[in-house]
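J.: Only the shape, not the letters, is given here:
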């Protein structure tokens with residue numbers, strides 16, 4: 001078939017990506033001679049006042065290939081108003097000087113603009129988006145370092161800026177006025193200037209020495225400072241982290257969650273804490289207080305947002321209310337410090353953080369929803385503090401150190417661990433109330449451990465013993481503690497742990513709420529059976545042994561002398577047990593002279609230690625705490641009786657409003673007046689159930705037959 005043109009003329013024009021861009025292939029320029037029109041140069045002479053122009057192009061390059069690559073040039077050039085649709089990278093500058101990239105758009109960035117070993121480069125006014133670094137400067141250490149780089153007034157979306165160059169010579173790096181959305185900024189350059197940037201959903205990290213970080217707004221992220229002699233001034237941020245940093249000047253910063261000084265060897269010597277200058281900063285709208293290389297510092301009742309004390313002696317922090325900061329009180333390399341009567345609350349990561357110190361006393365503090373952390377500190381006394389848990393775990397952790405005394409504290413309601421000791425020496429835990437937590441007390445490694453007179457109540461696991469880095473629990477004794485209603489295990493240990501759960505005879509061991517006590521005998525062998533001695537006649541053998549990689553079981557560690565009654569005085573407990581709404585006493589007829597009683601559980605702020613059963617206001621039975629039923633026998637046929645149950649606690653206080661119920665026993669030959677649903681009555685009259693059941697079956701069968709006959 002022959003097709004003949006009708007004479008229409010088609011004009012072919014360059015393809016335009018949009019009204020302002022023209023499609024162009026990838027551009028590669030090596031040396032000054034490469035600045036030619038075929039290489040995308042649209043004008044200019046390569047001088048400071050008339051740079052070569054690469055302008056108006058829309059370029060797509062294959063992954064890993066630069067859209068524009070410029071190598072080994074010194075002529076002035078300007079890449080402006082260029083669209084990079086697959087900037088992986090978009091622009092690659094290597095060994096060049098006097099270049100600029102301005103007012104361009106880089107999309108799908110992965111090293112959108114990459115710079116190596118270059119001098120006097122400006123990146124300004126661009127829109128850069130993608131999934132990885134929008135601007136990346138990474139010099140090889142053996143190659144010349146990038147200096148004189150300016151990154152200003154760009155908008156970065158999910159693709160930030162990383163500048164890793166010039167760590168040994170002044171970089172003349174200037175990062176100013178940029179906007180970072182869901183991304184951040186990081187530089188290791190020496191003597192960098194980072195000013196007036198707005199960062200949302202990312203962070204700002206400055207690692208080079210002698211840098212200046214000022215007037216930046218960082219929302220939803222941190223300012224992290226490494227190195228020495230950096231000035232951090234007038235920034236607004238969530239936190240400032242001094243990571244392996246010395247001689248940092250912090251002034252007039254507005255901080256939401258505080259200043260942190262993370263510790264890791266070898267960057268945990270005194271200069272990393274005590275060489276800074278801090279003034280005019282606020283945390284959560286309140287002043288940040290910093291003491292360093294001092295003696296006799298005291299903060300009493302002052303409104304503060306955070307307190308940092310480093311390399312000081314005779315320090316006293318009293319009557320403070322702290323909330324909002326990740327760390328309320330930080331003490332590092334402090335000798336003789338007192339933390340007394342403070343209130344720390346809220347979702348704080350660490351309310352009190354003490355490191356590398358000695359002779360520290362903490363008393364009568366209240367911490368709610370926060371953690372107390374004490375690390376590598378000797379001669380520590382924690383007494384009479386109140387800790388209310390939350391999501392923080394553990395509530396109190398003491399790691400390392402010797403001469404540890406934790407006494408008479410109340411720690412309750414932590415979802416994780418209330419009290420955790422790790423690799424401690426000569427530690428005493430005495431008289432503490434630890435309750436309603438996932439784990440009560442956890443000890444991982446100890447040499448010289450005394451756990452005595454504590455109440456471990458309603459935890460998941462009351463006490464857990466683990467090997468820790470010391471590879472064991474040595475020279476330990478655990479006695480006169482009350483283990484009550486710990487739901488998973490009263491006490492548990494990991495293999496190879498050796499610990500004594502009693503103090504011998506006649507001192508005895510511990511009280512266990514699940515121990516069914518029989519106390520008829522006495523003596524070290526419990527074989528002198530002339531009367532009780534307050535110690536169970538058989539060892540307590542329900543201490544759980546965890547097994548690696550498989551289920552555990554009751555282990556070989558025993559309490560040889562378990563106490564049959566709770567240890568200690570509970571005179572402080574003046575509130576008797578109570579009965580929750582809906583508590584009831586159920587009375588069931590066993591036969592014509594016996595009744596069965598069953599009742600719901602009472603509650604107490606300590607625990608319920610026992611029940612009393614009253615018949616017609618006369619005490620007829622005193623029962624252990626784990627018994628919630630009782631059978632009354634020897635009653636008269638046809639008689640009516642009123643029953644009541646009351647609950648007691650370890651302090652000897654008894655409820656007076658326990659549930660009650662009445663019952664009338666049947667006469668011989670008469671039916672009961674109790675409801676037909678009472679199980680005991682049905683057990684006695686089982687034949688009636690069978691008759692009624694048979695009748696029901698016959699009735700259903702009859703209906704079925706009728707339906708079969710009448711479809």
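T.: It's in. These figures come from a predicted structure and were not determined experimentally.

J.: Show me which residues of stretch 581-591 are buried.
T.: 583, 585, 586, 587, 588, 589, 590 (16 or more other CB atoms under 10 Å). In short, each C-beta sits where N, CA and C put it, glycine included.

J.: Same question for stretch 216-229.
T.: Neighbour-count burial for stretch 216-229 flags 216, 218, 221, 222, 223, 224, 225, 226, 227, 228 (criterion: 16+ other CB under 10 Å).

J.: Between its first and last residues, what's the separation in it?
T.: Using CA to CA, to the nearest Å, the end-to-end distance of stretch 216-229 comes to 18 Å.

J.: Please work out which residues outside that stretch touch it.
T.: Here stretch 216-229 makes contact (CB atoms under 8 Å, 6 or more residues apart in numbering) with 184, 188, 194-211, 213, 232, 235-248.

J.: so can I have JSON lines of the buried residues of stretch 581-591 showing distance to residue 78?
T.: Shown next, in JSON lines, are the buried residues of stretch 581-591 (distance: CB to CB, whole Å):
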{"residue": "583", "distance to residue 78": "84"}
{"residue": "585", "distance to residue 78": "92"}
{"residue": "586", "distance to residue 78": "91"}
{"residue": "587", "distance to residue 78": "97"}
{"residue": "588", "distance to residue 78": "96"}
{"residue": "589", "distance to residue 78": "102"}
{"residue": "590", "distance to residue 78": "102"}
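
J.: of these, closest to residue 373?
T.: Within the buried residues of stretch 581-591, proximity to residue 373 (CB to CB) peaks at residue 583, which comes in at 42.1 Å.

J.: Mind splitting the protein into its structural domains?
T.: Split into domains by automatic domain parsing, the chain comes to 15-201, 221-363, 389-568, 585-674.

J.: Is it possible to get the ones you listed out as TSV so that each row also shows mean pLDDT and distance to residue 579?
T.: Below are the domains of the chain laid out as TSV (pLDDT from 0 to 100; distance: least, CB to CB, whole Å):
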stretch	mean pLDDT	distance to residue 579
domain 15-201	93	53
domain 221-363	95	32
domain 389-568	95	17
domain 585-674	90	5
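
J.: wouldn't residue 93 be in contact with residue 116 here?
T.: Yes: Residue 93 lies in contact with residue 116 (CB atoms under 8 Å); the separation is 7.2 Å.

J.: quick one, which of these two is more surrounded?
T.: residue 93 (27 against 20; other CB atoms under 10 Å).

J.: From residue 118, how far off is the more buried one?
T.: For residue 93, the distance to residue 118 equals 5 Å [CB to CB, to the nearest Å].

J.: Now for those two: what residues contact both?
T.: Taking CB under 8 Å, 6+ apart as the criterion, residue 93 and residue 118 both touch residue 99.

J.: Would you list the buried entries among the contacts of stretch 216-229?
T.: Taking 16+ other CB under 10 Å as the criterion, what is buried in the contacts of stretch 216-229 is 184, 188, 194-197, 199, 202-209, 211, 213, 232, 235, 237-246, 248.

J.: Where do the strands of the stretch 451-600 of the chain begin and end?
T.: For the stretch 451-600 of the chain, applying DSSP state E, counting those that start in this stretch gives strands covering 455-457, 461-466, 473-479, 482-484, 489-493, 511-512, 544-547, 550-554, 585-591, 594-599.

J.: Make TSV out of those and add distance to residue 130.
T.: Listed next are the strands of the stretch 451-600 of the chain as TSV, based on distance: least, CB to CB, whole Å:
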stretch	distance to residue 130
strand 455-457	55
strand 461-466	47
strand 473-479	54
strand 482-484	59
strand 489-493	51
strand 511-512	63
strand 544-547	49
strand 550-554	49
strand 585-591	70
strand 594-599	68
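
J.: what's the closest of those to residue 331?
T.: Nearest to residue 331, of the strands of the stretch 451-600 of the chain and by CB to CB, is strand 461-466 at 27.5 Å.
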